[in-house]
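> Just to be clear, the model below is a prediction. Sequence and coordinates:
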Amino acid sequence: MTITRRQFLASAAAALPAARALAWIPEKPAPRMVADAALQAAKAGGATYADVRLVRLRRQSLRTRDDHLIALADTDSYGVGVRVLKSGTWGFAGTPDVSARGAKTAAQRALLIAEANASLPHRPVKLAPEPPYQDSWQTPIEKDPFRVPMDAKLRMLTEAAQAARGAVPAVKLVRGNMIAVLEEKRFFSSEGSDVEQMLYRVGAGYIVTVTKTGDFETRRYDAAPASAGFEHIEWAALPDAAPRVAREALDKLNADKPGTGPRDLILHPSHLWLTIHESIGHSTELDRALGYEANLAGTSFATPAQLGQLRYGGPLANFYADRTTPGGLATCAYDDDGVATTRFDLVREGVLVAFQTSRDQLGWPGFSGERSRGCAYADSWASPPFQRMPNVSLSPGKDPLSLEQLIARTDSGIYIQGDGSYSIDQQRKNFQFGGDFFWEIKDGKLWKPLRKVAYQSTTLEFWKTMDAVCDSREWRLNGAMSDGKGEPMQLNPVSHGCAPARFRGVRVLDASEGAA
Amino acid sequence: LKELLEKAKARALAERAVKLTRSGGAKEAVATLEVSRLGHLRFAENGPTTSGEAERRFLTLEASIGRKHASASSEDLSSDGLSRLAAQVVAQARLAPEDPEWVPEPPAQKYTAIPGAFDPAVAAADPRIRAEAVRPVLDAAMHAGLTAAGLYQDVVRETLRFSSAGSVGSHRSTSVELSMTLRKPDGSASAWAGAAGVRAADIDGQKLAARAAEKARQWVSPEALPPGKYTVVLEPAAVGNLLDFVSSALDARAAEEGHSAFSAPGGKTREGEAIFGSDVKLDSDPADALSPGLPWAEGGLRAEPQIYAQAGVLRQLRRSRYWAEKTSRNPTADGGPLRLGGGDNSLEQLLAKVERGLLVTRVWYVRELEPHTIGVTGLTRDATFLIEGGKLSRAVRNFRFNQSLVDMLANVQALGRVERTPASRSPVPAALVKDFHMSSVSEAI
């Protein structure tokens, strides 16, 4: 399920030669020359540190409605971002003019920004040490999604729509989507790093809408977005699942709403990933905990003073951050500070043990150890890097336990699949999550579908109610291509792995209550 | 701005891209060129954090061959780059299957220039100007013993549209915003203020910081009130955030297909029904003074002012060009953000109308729960107060709310003066709303 960095690099190396031929960053002008022009200008202007990222971002998205394509869009963005540290403050400038002159001008602009900001009261930025690297890495893939014929991609979505409509006459609409991203970047730093990475990400799925007089419902199916090639989409067998998905949409339309009150919940990984993301992933970001995101994303209930003491849950509550998880959307070999990525525990046996960090947090309370945890990311060449979430996952249970067994051992409860409406407060305490499909559990069996189920809890109460986690056979990755944070907002791809888990006595409500 | 792009050059480039696309085999082609510069300065812990400038220049080409179509965008505006992009979009359009919903470009449109969308002072913004815009906020926070975090941002943008059908238009715009959250260092209070506009002069950092500092000062010993239905005064940032969900629900097709809050039995819509409070007006105008839109609407039509609801009656839903053709109705040429209007009360006048209720500064993490009613969940944050006898009486804990926005607009009792905030592009007023459903207490500060 997880591998060491050494194994990770070894597995990636096998895929490298073929992909090199596909490199999108042009050879002319030479990236090294462009970077040197910026680094020299930064040094001449008094920067104590500088880095240069040449980033080419290619994205293809398809959208279908029933049996036809309604949008096909290809985007290709290439530019250079220069970041300088001068007088203890950051300056950044990005330009699509990828030339020695363009990069030099950007560096000079970044210096002006740092100088202007240094006139404001500030605490000088200090960078955690990191050795320079000269390396290449790419997402291991089998099929380049940009080389798969268009009709093959489209067929998966339109056949799914036809299969859904064929199975259930009440299907009114099937909306499909597919996305492929290639993020190629070359990172140079004034400390001597020169790292090239090619990161592939793919995702696809569809939403089936069924209607009857005065009412409607939806049911979704997707290949959980992942850092992978097109093979990941093929494995999801989108058309094969469509008849079942359509039938479930109809079952949901005809289902009862839940009663309000405490219920036991079994949460499938296709749902639980988002609860982990919101309550664990965001609450353990050090910048957030110290007020750096207070104006939008918010702060955190967890503080550095509580390291080693704050209890999130019982012995099953083991959460770790890992930017080397195969398939993880945040997976890479080096972050955008040029730090080698790693795996580390955030919550061990229920207790907070670490925060996510980036290089410029050295000296902050809660910055454990001497090195950054490798959590910096910038969503394009036009954005400055800052601390972003790595893949954050829940360890599987150590005792053998399948999902089937877990359901069989639950007398009464609700089983939730897929993510739905989700909302959490700005300190990551009070949350409300919906889902995509719900089963009433009675006497250890899935008894009947439900609709409009949501649960409300607070992070620390919720994770303390977790009394069972299935074993590694049931562990799955899910994630989001675009998690928003920062101002101006940047979008971070991130995954979360977990096995199905059970939670006791969580407050369930009818999601339409008050909203109806 | 002249460094970014000269208009004549942009037009020549777009025209060339369209010619290349058509000579490559496209029957129709549209080029949209967008050149922008975004500058920002973030601050936190009473000092600057990340800060930068980025120039972008995106050319998007849309090509169609019969009912086959595709689009492609690139930042490579070199001669070779243009040729590659044109070849790529034509190749993709050839590969695409026929789209039965494809509607060809409308006949040549005369786009109307939008006045007042551009401020040279914003276009001339530089790092020193941003630092000086933020300085009074940091000074005010430190003077009040508070900790400030926030954002100053300025954007200058030029957009040009050129279609093979002969529609040509361009638009220059600027926008600027400042928002801040002032917190007590021990985390026991948090208050927000923010403003956005076209002109640099629309932002008064000192005034905003004073407002946030005063709210932080007042927010002491918050009481946890029980969940339930409350009369609320929603400040414009809260209203703007919620109105975005209403805007996306105003779709005629979804209503007529039976999966919308505005569906009526028999494939009909609720157009013509008195759905909202009698003061409520929902409309859009591409020439709105606070938040100007674009001269063109979906599919290249000339943008025109639109009225969606007036005196509480739903007048129309948005109709795409395809759906308009299919239903033999006129398409909605909407070029601006949805606006809410209908009142002229000051905030104090709205508070004076409330015997007992809540003042909500802003809302957070709003997500749709129930499309049947545009039901949403979300939370209040950054200074929520109890109103008693027409005045703020004391601080209260934040709430999670579960609320139908159709009901919210039906329960509007009075509206304030329209503002633009960083929370939304929609210019909106503060709103006095009865029976707003708070579902649980949020301990978050």
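All right, it came through fine.
> A:Asp483 contacts A:Asn391, correct?
No: A:Asp483 is beyond contact range of A:Asn391, at 11.3 Å (criterion: CB atoms under 8 Å). Any C-beta I mention is one placed from the backbone N, CA and C, and that applies to glycine too.
> intersection of neighbour lists for the two?
A:Val494 (CB atoms under 8 Å, 6 or more residues apart in numbering or on different chains).
> Neighbour count for these two, which is higher?
A:Asn391 (28 against 19; other CB atoms under 10 Å in any protein chain shown).
> how about that one, what does it touch?
Shown in contact with A:Asn391 (CB under 8 Å, 6+ apart): A:321-323, A:325, A:328-331, A:477, A:479, A:494-497.
> For stretch A:182-194, buried residues please.
A:Leu182, A:Glu183, A:Glu184, A:Lys185, A:Arg186, A:Phe187, A:Phe188, A:Ser189, A:Ser190, A:Glu191, A:Ser193, A:Asp194 (16 or more other CB atoms under 10 Å in any protein chain shown).
> Can you tell me which residues in the stretch 101-250 of chain B are near chain A?
B:101, B:126-128, B:130-131, B:134-135, B:138, B:142, B:147, B:149-151, B:153, B:179-181, B:183, B:187, B:190, B:192 (CB under 8 Å from any CB of the partner chain).
> just checking, which of those residues belong to strands?
Among those, DSSP state E puts B:Thr147, B:Ala149, B:Gly150, B:Leu151, B:Gln153, B:Ser179, B:Met180, B:Thr181, B:Arg183, B:Ser190, B:Trp192 in strands.
> Bridging across strands, which residues link to the residue lying closest to B:Pro429 once chain neighbours are set aside?
Leaving aside its chain neighbours, B:Pro429 sits nearest to B:Gly416 (3.9 Å; criterion: CB to CB, 6 or more residues apart in numbering or on different chains). With DSSP bridges as the criterion, B:Gly416 is bridged to B:Asn345.
> Going along the chain, name the helices of chain B.
Assigned by DSSP state H, chain B shows helices spanning B:7-23, B:79-95, B:120-123, B:127-143, B:205-218, B:236-249, B:252-256, B:321-326, B:347-352, B:405-410.
> For B:Leu5, report the pLDDT, please.
If you check B:Leu5, the pLDDT there is 59.
> for B:Val313, that is, sorry about that
At B:Val313, pLDDT is 98.
> Confirm for me that it is in contact with B:Ile275.
Yes: in terms of CB under 8 Å, B:Val313 counts as a neighbour of B:Ile275; the distance is 7.3 Å.
> Residues contacting the helix or strand hosting A:Thr275, please?
For A:Thr275, the host element (DSSP states H and E) is helix A:269-276. With contacts defined as CB under 8 Å, 6+ apart, helix A:269-276 is touched by A:224, A:267, A:319, A:392-394, A:416-419, A:422, A:431, A:433, A:435-436, A:462, A:474-480, A:495-501.
> and it, average pLDDT?
Here the average pLDDT along helix A:269-276 is 98.
> Dump it to CSV, restricted to CA.
Output of helix A:269-276 as CSV, limited to C-alpha atoms (Å, rounded to 0.1, in the frame of the first residue of the first chain):
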residue,chain,number,x,y,z
PRO,A,269,-13.7,5.2,1.6
SER,A,270,-15.5,6.9,-1.3
HIS,A,271,-17.1,9.0,1.5
LEU,A,272,-14.7,9.0,4.4
TRP,A,273,-11.9,10.5,2.4
LEU,A,274,-13.6,13.9,2.4
THR,A,275,-14.3,13.7,6.2
ILE,A,276,-10.5,13.0,6.7
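> can you give me how far it is from the chain middle?
12 Å (CA atoms, centre = their mean, to the nearest Å).
> That one: what's the following helix or strand?
Helix A:269-276 is succeeded, C-terminally, by helix A:286-289 (DSSP H and E).
> for that following helix, packing partners?
Counting by 3 or more CB pairs under 8 Å, 6 or more residues apart in numbering or on different chains; DSSP states H and E, the packing neighbours recorded for helix A:286-289 are strand A:386-387.
> Help me confirm that A:Asp251 comes into contact with A:Pro449.
Yes: with contact defined as CB under 8 Å, A:Asp251 counts as touching A:Pro449 (4.4 Å).
> What count of nearby residues applies to B:Lys9?
With other CB under 10 Å as criterion, B:Lys9 counts 11.
> Enumerate the positions of stretch A:151-164 that are buried.
A:Lys153, A:Leu154, A:Met156, A:Leu157, A:Thr158, A:Glu159, A:Ala160, A:Ala161, A:Ala163, A:Ala164.
> who touches the last one in this structure?
Contacts here follow CB under 8 Å, 6+ apart; on that basis A:Ala164 touches A:Val171, A:Val174, A:Tyr206, A:Val208, A:Ala242, A:Pro243, A:Val245, A:Ala246.
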